[in-house]
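**Q** return atomic coordinates for the entry below.
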Amino acid sequence: MSAADWEQSKENAAPLRRGRKVETLGSKAFGVSHRDNTERLIDEFERLVRPSEDPDVTEVEDDPLEHWLSYIKFYQESFPSDTHEQFLLMERCTRALIKMRQYANDDRFIGVCAKYADKTKDPMTVFKYLHQEKIGT
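**A** The predicted structure follows:
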């Protein structure tokens, strides 16, 4: 996709603070997908984050937050207009990792929580809950 093409289609993309790479959008902004590759990547991200969603898991050896951050970034770049699914990914990440004490003061996790809260109808409720769980205190 050329920069000129992107200029014509970007109104359908949610803005990102870090900006977007035009070359990573490819033809996705025009509704044409690379379905097989995209589905394969989504399956791989799901495989990586699923263990952290187990309610009995409170600590893991690797860094599941890194997988969540990569998944969220992938989704933001691959589906720029699907802000609802991006919201759901941030919610899933928050719910999955809030029980893991190693992330209580992790700036990366707090950033995801803040972005998630900001996109809810009542951010104050989410922030009160985070405070109650001693996240970012």
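
**Q** determine the number of other residues adjacent to Asp62.
**A** By the criterion of other Cβ atoms under 10 Å, Asp62 has 10 neighbours. Where C-beta positions appear, they are placed from N, C-alpha and C, glycine not excepted.

**Q** assign it to helix, strand or coil.
**A** coil (DSSP: H, G, I helix; E, B strand; the rest coil).

**Q** any idea how far it is from Tyr103?
**A** 13 Å (Cβ to Cβ, to the nearest Å).

**Q** ok, for the residue sitting nearest the centre point of the chain, nearest residue in space, not its chain neighbours?
**A** By Cα atoms, centre = their mean, the chain has its centre lying nearest to Ile72, at 2.6 Å. Counting by Cβ to Cβ, 6 or more residues apart in numbering, Ile72 lies nearest to Leu89, which is 5.1 Å off, once chain neighbours are set aside.

**Q** what about the host helix or strand of the one you found, distance to the chain center?
**A** Using DSSP states H and E, Leu89 maps to helix 83-97. Distance, stretch centre to chain centre, for helix 83-97: 6 Å (Cα atoms, centre = their mean, to the nearest Å).

**Q** next helix or strand past that helix?
**A** Past helix 83-97, the next helix or strand by DSSP H and E is helix 107-118.

**Q** mind giving me the packing neighbours of the helix or strand following that following helix?
**A** Note on helix 107-118: by DSSP H and E, the next helix or strand toward the C-terminus is helix 123-132. In terms of contacts (3 or more Cβ pairs under 8 Å, 6 or more residues apart in numbering; DSSP states H and E), helix 123-132 is packed against helix 107-118.

**Q** quick check: angle from the helix it packs on to helix 83-97?
**A** Per axes from the mean of the first three to the mean of the last three Cα atoms, to 10 degrees, the angle that helix 107-118 makes with helix 83-97 is 130 degrees.

**Q** on contacts alone, who are the packing partners of helix 107-118?
**A** helix 64-78, helix 83-97, helix 123-132.
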